[in-house]
Every structure is written in structure tokens, then in C-alpha cells.
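>>> structure for this input, please:
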Amino acid sequence: MSYNVFQYDERRSKKVKVDEDNIKELREILAEFVFLCLKEERPVSKEDFEKKIKILPVGSYSPRKDSKDKFRACLKDLIWKYTELTGKYCGCQYWSVAAKSLFDQDRNSSPMKDRYQLAKCLCDRKLIDNNRFEHEHVFPIKRGCENFVDYLSGLSKSSISHNEIKALLDRLAVGCVVTGSEHKKVHKIPGNFENPWLRYEGKIQLVPNPNWQPPQIALIKQARLVLALQP
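Numbers count the residues shown, from 1 in each chain. From the prediction side, this is the model:
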């Protein structure tokens, strides 16, 4: 029984191909949707979304219909999809040492559960902070004075480019599995546009993953979040 928390969600393999090439293609399409949303100042409908992406590896595209600002609700949901594309918990490429330790501890006490059952149990909000998971947005999506939705909304629609949006998403739209206690430590810390991982410096350590992309490795190293990556 495999308990590799970085492994992509194979449960949907019969419905959607989940591998590096497909994930790369999906990120390009999601970046295009964000670009069009900003350029045309209108939300992307579920119908238009599903013309290009019928099914996502994790979750579904469903911006809130009751939102007063459907444009911002659309941006928020598209960013969400980008951060959890490979997995909200299992499959997410960034885990804190404390969250991974919690997962392993529960795995050893419940060996008959598969990794998805374990993750589902450990994200229960009824659990105390030290005993549960959070999918934390390394750069805050919508809270605080420095958040991604506000930043994207403020870009000049006449000068933005698809490549610029893709680069921003690659750098800032990142999810990390942390414990509830760790989430509280960084919850009110504003985002850093140059290096989103600086919010975690001195507060959270990451489990090394060989599949991290080089740009993220450099940012993580700068924030000193993995001892093995220290100079």
C-alpha cells in the first residue's frame, strides 16, 4: 500500500489523464481563463470552462452564483483550481513537516485506511488545530490588504499578457498542506509578491519533494524552509 502524499490522484485516472504533461496543459488553459476574465472584465461561465476542461483532476469549477461580484468570484475559483490541480491534500506538491508527521502518525495507527481516507479524516474542522490539515494558500487569495484577487483585479487590462498572467500564477498560486496550528501562525501575514514563501520563514518547515519546479526551489531556499536546501 503506497502512502506517498505527493502522488497524483489516481482515483480519477479513468476519467481524466493525470500526469506531468496533462497538468502542464491544464495550467496553460487555466492561465488563459484568468487572462480572458481580466481582459474582458467578465467571469468565465461554467459552460465555457467545460468546453476546454470537461473534468479536473481534483474538484470542479463552480464559482458562486450568489456572489454580488461574479467577476471576483470567478478569479478566486480559478486561482483555487490552480493551487489544488494535483491535489488539495494527497497530491499537493508542498507539505509541511508537521502535516506530514501527522499523516504518518495516523497512518501507523490506522493501517487499513488508504491515503485518501486518512487525509479526509485529518481535514475535519472538528479536530483541534494540532490534529488537522489545512490547504493553505502560500500567497493569500482574498483576505488581507495584499491578496491575489485584488492584485489581479487591479492590473491594467490594456497591458496585461497571457505570459505575464501565467508567470504570476506559477509563482503565487501555490497551495501547501499545513496543520491548523501552522495556518493560524501565518493567517494574518500579508502576501509577498516577490517570494510568497517568506510568509513561512521561521514558522513552517517543508518536506523536500524532488518534483518541485526550479523557480519554486529557489524561492523556498531563500525563505530557508527546508534544511536540506540550505547553503
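
>>> what's the weakest-modelled helix or strand in the protein?
Least confident helix or strand of the chain, by mean pLDDT, DSSP states H and E, is helix 115-122 with a mean of 72.

>>> right, and the helix or strand after that helix?
Next along the chain after helix 115-122, taking DSSP states H and E as the criterion, comes strand 133-137.

>>> count of residues packed around Pro215?
Residues within reach of Pro215, counting by other CB atoms under 10 Å, total 11. Backbone N, C-alpha and C define where each C-beta goes, glycine included.

>>> whoops, Pro57 was the one
Counted with other CB under 10 Å, Pro57 comes out at 24.

>>> tell me the secondary structure for it?
Judged by DSSP: H, G, I helix; E, B strand; the rest coil, the three-state class of Pro57 is coil.

>>> look up how far Leu85 lies from it.
6 Å (CB to CB, to the nearest Å).

>>> repeat that for Ile217.
Using CB to CB, Ile217 is found at 19 Å from Leu85.

>>> more crowded one of those two?
Leu85 (24 against 15).

>>> how close does that one get to Gln105?
27 Å.

>>> give me the common contacts of Pro57 and Leu85.
Jointly contacting Pro57 and Leu85 under the rule CB atoms under 8 Å, 6 or more residues apart in numbering are Ile23, Leu26.

>>> pretty sure Val178 sits in a strand.
Yes: under three-state DSSP, Val178 sits within a strand.

>>> in the sheet, who's paired with it?
Glu134 (DSSP bridges).

>>> now do the contacts for it.
Residues near Val178 by CB under 8 Å, 6+ apart: Ser96, Ala98, Ala99, Phe133, Glu134, Glu136, Val186, Ile204.

>>> is it true that the fifth one touches His183?
It stands for Glu134. Yes: contact criterion CB atoms under 8 Å: Glu134 and His183 qualify, at 4.1 Å.

>>> any chance you could map the strands in this protein?
133-137, 175-179 (DSSP state E).

>>> rewinding a little: farthest pair within the contacts of Val178?
By the measure CB to CB, Phe133 and Val186 form the most distant pair in the contacts of Val178, at 14.6 Å.

>>> when these two are compared, which one has more neighbours?
A direct count of neighbours by other CB under 10 Å for Phe133 and Val186 places Phe133 higher, at 28 against 18.

>>> give me the pLDDT for that one.
On pLDDT, Phe133 comes in at 88.

>>> quick one: contacts for it?
Tyr89, Ala99, Leu102, Phe103, Ala119, Leu122, Cys123, Val177, Val178, Thr179, Gly180.

>>> quick one: Glu50 and Trp197, what's the gap?
Glu50 sits at a distance of 33 Å from Trp197 (criterion: CB to CB).

>>> which of the two has more residues huddled nearby?
Taking other CB under 10 Å, Glu50 and Trp197 do not tie; Trp197 has more neighbours (23 against 13).

>>> my guess is that one meets Lys221, correct?
No: at 9.1 Å, Trp197 does not count as touching Lys221 under the criterion of CB under 8 Å.

>>> how near is the residue lying closest to Asp106 once chain neighbours are set aside to Gln105?
Excluding the flanking residues, the one nearest Asp106 by CB to CB, 6 or more residues apart in numbering is Leu118, at 5.4 Å. Using CB to CB, one gets 10 Å for the distance from Leu118 to Gln105.
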